[in-house]
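Q: whatever this is, show me its structure:
(2 chains)
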Amino acid sequence: MSAEPNVRTLTINGEEISARSDQTILEAAREHNIAIPTLCHLEGLSEVGACRLCLVEVKGARRLLPACVTQVAEGMEVTTHNAKIDRYRTMILELFFAERNHVCSVCVANGNCELQSLSLQLGMTHVEIPYQYPQLPVDASHPRFTVDHNRCVLCTRCVRVCAEIEGANTWGVMGRGGQSLVITDLKQPWGDSETCTSCGKCVQVCPTGALFEKGRAGSKVRKHPEFLPYLRIMREGEQP
Amino acid sequence: MNAEELEQIAEAAHAERAKFDYEVNVCMGTGCLSQHSDKVKAAIEKEAAGCGKKCHVRRTGCMGLCAAGPMVLMEPSEMRYGHVHEGDAKEVIASLGGEPVARLDPHLGGYFDGQNHVVLENSGHIDPEKIEEYIARGGYEALVKALTDMNPASVIEQISKSGLRGRGGGGYPTGLKWDTVAKVKGAQKYVICNGDEGDPGAFMDRSVLESDPQRVIEGMAIAAYAIGATKGYIYVRAEYPLAVQRLTVALQQARRRGFLGNGICETTFSFDIDIRLGAGAFVCGEETALIASIEGKRGTPRPRPPYPAVSGLWGDPTLINNVETFANVPPIIRNGGEWFSSMGTARSKGTKVFALTGKIQRTGLVEVPMGMTLRQIIFGIGGGVPDGRKFKAVQTGGPSGGCLPEEHLDLSISYDALISAGSMMGSGGMIVMDDTSCMVSVARFFMEFCMTESCGKCVPCRAGTVQMYELLSKICAGEATHRDLNQLVELCEVVGATSLCGLGQTAPNPVLSTLRYFKHEYLAHIDEKRCPAGVCELSPAAVEVHA
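A: From the prediction side, this is the model:
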């Protein structure tokens, strides 16, 4: 029998809250309705700390810390929003937009896109950083789904859900730096993938219009990533 | 293996040496080999065979002054020759016991004055593929001493007392790191040696591995004993084939002599080491990325904590240190921590190996006590800038470091002094630049390096380095405005503050340090549309508009 998790008391933006010792700052904050923006995080998947949008200030820490992977501690003083953090977050969003071809008006996810929502939420009205306009492929070889690399933010949710939940390990990342791409198998066309089970989980967790179901577009495409925690809980219940 | 047997091996090696009156050491490090020192050695051997003198020709590792390669060192006279070629073999052998060949004087100047060889004590003196020669110079004494006379806690105490700090760049106190891993409970622990030296212009670790591989193995074994590890990995870049080959031979010999394996030195301590080859990614020098790479995964860093000390290789407690750090361990255990801490400055102890490159008379490897000034290294040891040109800047710390101008030449080298001057120690690359270098284009070079070496995991580094590189290119082309410069500064701040690992966090440093000391060069490109050093090709359109 493991002992009950201990309770930790910490302050977030001056508000005193309590959290279980095994919780992260992000989990504790969300339980208390304190908003911290995230993009690569998704409840039910492992954390990678890659999007850097959830960076928060912790008193005494030398650097900003990602809330999604930082455990709470007794007496911790967290600041989730201030002028500096907000400026950093806006610039990170701009970097996302400028990196590939995120043109909302012609995107299948317009209106249902997490990147778009984040920019509204954080008040990013325009992009000052020069757009890169890379020439990236679109792979529509799969009978039901399409991957459009122009919209990909490399959050690796698809890679994680495929490995951790579906167990197929179809998705992976190739290349380095700005040349990175998510790929199926060993960069075969998605339609030729021998490991893909066509379960569609990757499409449901994709925050943008990079992965989408064919034949549906615009406001009709609501994704449902909320199935993940339930799936996790159900599976854990089945464990002997 | 015990102290007596070690003594016997050393005596046998001494007896072997005593058979000869003269020894001719030929450098067979990568630098000299590129100048065909293997042919030089063969020619000298042929000449020695028929000369009637009792002469032994030996292959050794780096002798330091790479600019004068191929280098030859005569013992016992300690006479050095430089630029020795096949045709010089006859004269080299003839000069043994007689007048030196003036023509082959390598013009050492003050190259060895003020140097203090601790890590490089055997480099150039022993055959790296003969463990007996290492033992004859006091090798493995420290391991035997640690295993038979000391307990793990007292080993760590000596390392802490020595004040040794990580030589890979971060400068984390080594004793503290060892102590942390030792205190973490775990049935299986690992020791990893980081030999993924990737900074442009740095070749210290390569040289140590090529010249004295046993020293690194001994250091790792002592570390494993101190923290309770049984398995080690040396992660070397595949771009260092000679280092890998010599390490492989060294590991075989260490196993055969019983310094690795089960029940080392008749104790219950068991430890063995495997080599893992890096596939060329700079980011794999970051410890969590290196661990992922050893595990067979994509070499990308992960957020810390948990630190490798708690959860490292395959989730087990792992000690990870740099090649030079491990190379410092045997002499510390042999001579005691206090001996080591008597060298250096208040907070940076011991010596540091630097790779002197760029616009400098005497390119090569130097080992100096901490606290020496940049001026002493560059002008005293290195002989200053060649061709009568003017010194402009010295770049330390690779792509994470910065460029220091002339007014900082009297800075005495320590971890903290370099950081406060806007650069860093890094792994020890030291690139000297003269007035023909454009500092904006230098910053652009390092940014291009960071951009292509970014792993692509976190967005500030992946996309931010691309944007900074393009802004720097724009400045170089004379097409930038003050708004671009402001954006560059802002990007530097955001990328430095928000990136996941050290690569991104320090990627802006070359820009920030050149902006701090050479802002006028940036402004000349922007306002006057000219490159003061005459390096950048300004776009004709930009120049025309300005005119």
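Q: give me the most central residue, the chain.
A: Using chain A here. A:C40 (2.1 Å; Cα atoms, centre = their mean).
Q: nope, chain B please
A: Central residue of chain B (Cα atoms, centre = their mean): B:M204, at 2.5 Å.
Q: distance of it from A:E77?
A: Distance, B:M204 to A:E77, using Cβ to Cβ, to the nearest Å: 42 Å. All C-beta spots, glycine's among them, are computed from the backbone N, C-alpha and C.
Q: now swap in B:C458 and tell me
A: 25 Å.
Q: next one: B:A289
A: 31 Å.
Q: comparing the two, which residue is more hemmed in?
A: Each of B:A289 and A:E77 has its neighbours counted (other Cβ atoms under 10 Å in any protein chain shown); B:A289 has more, 25 against 14.
Q: helix, strand, or coil at that one?
A: helix (DSSP: H, G, I helix; E, B strand; the rest coil).
Q: what sits against it?
A: B:281, B:283, B:299-301, B:455, B:501 (Cβ atoms under 8 Å, 6 or more residues apart in numbering or on different chains).
Q: of the residues you listed, closest to A:T197?
A: B:T300 (25.9 Å; Cβ to Cβ).
Q: neighbours of that closest one, how many?
A: For B:T300, using other Cβ under 10 Å, the count is 25.
Q: A strand includes it, no?
A: No. B:T300: not assigned to a strand; according to three-state DSSP it is coil.
Q: I'd say it and B:C461 touch.
A: No. With contact defined as Cβ atoms under 8 Å, B:T300 does not reach B:C461; the gap is 10.8 Å.
Q: what residues are shared contacts of the two?
A: B:C455.
Q: which parts of chain A sit against chain B?
A: Taking Cβ under 8 Å from any Cβ of the partner chain, the part of chain A that reaches chain B is made up of A:47-52, A:55, A:63-64, A:66, A:69, A:87-88, A:91-92, A:95-96, A:98-99, A:128-130, A:132, A:153-154, A:172-173, A:175-180.
Q: among those, the buried ones, what's the PyMOL command?
A: With 16 or more other Cβ atoms under 10 Å in any protein chain shown as the criterion, this PyMOL line picks the buried residues out of these:
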select buried, chain A and resi 47+48+49+50+51+52+55+64+66+69+88+91+92+95+96+98+99+129+132+153+154+172+173+176+177+178+180
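Q: got the residue ranges for the strands in the chain?
A: Because you didn't say which chain, this covers chain A. Counting by DSSP state E, chain A has strands at residues A:7-12, A:15-20, A:55-58, A:65-66, A:77-79, A:138-139, A:145-148, A:171-174, A:181-184, A:211-213.
Q: try again with chain B
A: B:22-27, B:55-60, B:72-75, B:79-81, B:190-195, B:231-237, B:272-278, B:318-322, B:351-358, B:364-369, B:391-396, B:402-405, B:429-434.
Q: strand partners (parallel or antiparallel) of the last one?
A: Each strand pairing with strand B:429-434, determined using DSSP bridges, is listed with its direction: strand B:351-358 (parallel), strand B:391-396 (antiparallel).
Q: can you list these in JSON lines and add mean neighbour count?
A: Shown next, in JSON lines, are these (neighbours: other Cβ atoms under 10 Å in any protein chain shown):
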{"stretch": "strand B:351-358", "mean neighbour count": "25"}
{"stretch": "strand B:391-396", "mean neighbour count": "26"}
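Q: can you redo those as CSV with mean pLDDT?
A: Output for the strands paired with strand B:429-434, formatted as CSV (pLDDT from 0 to 100):
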stretch, mean pLDDT
strand B:351-358, 96
strand B:391-396, 95
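Q: just how off-centre is the lengthiest helix in chain A within its chain?
A: Assignment by DSSP state H gives helix A:83-99 as the longest helix of chain A. Relative to its chain's centre, helix A:83-99 lies at 15 Å (Cα atoms, centre = their mean, to the nearest Å).
Q: and for stretch B:333-353?
A: For stretch B:333-353, the distance to the chain centre is 18 Å (Cα atoms, centre = their mean).
Q: on that earlier part again, show me which of the contacts of B:A289 neighbour chain A.
A: Within the contacts of B:A289, those near chain A by Cβ under 8 Å from any Cβ are B:281, B:455.
Q: what does stretch A:143-153 rub up against?
A: In contact with stretch A:143-153 (Cβ under 8 Å, 6+ apart) are residues A:39, A:51, A:96, A:100-102, A:107-109, A:115, A:134, A:136-140, A:181-182, A:184, A:190-191, A:198, A:200, A:202-203, A:207-214, B:459.
Q: show the end-to-end separation of it, please.
A: 23 Å (Cα to Cα, to the nearest Å).
Q: for it, which positions count as buried?
A: A:145-153.
Q: now stretch B:303-312: average pLDDT?
A: For stretch B:303-312, the mean pLDDT works out to 94.
Q: many thanks, we can stop here.
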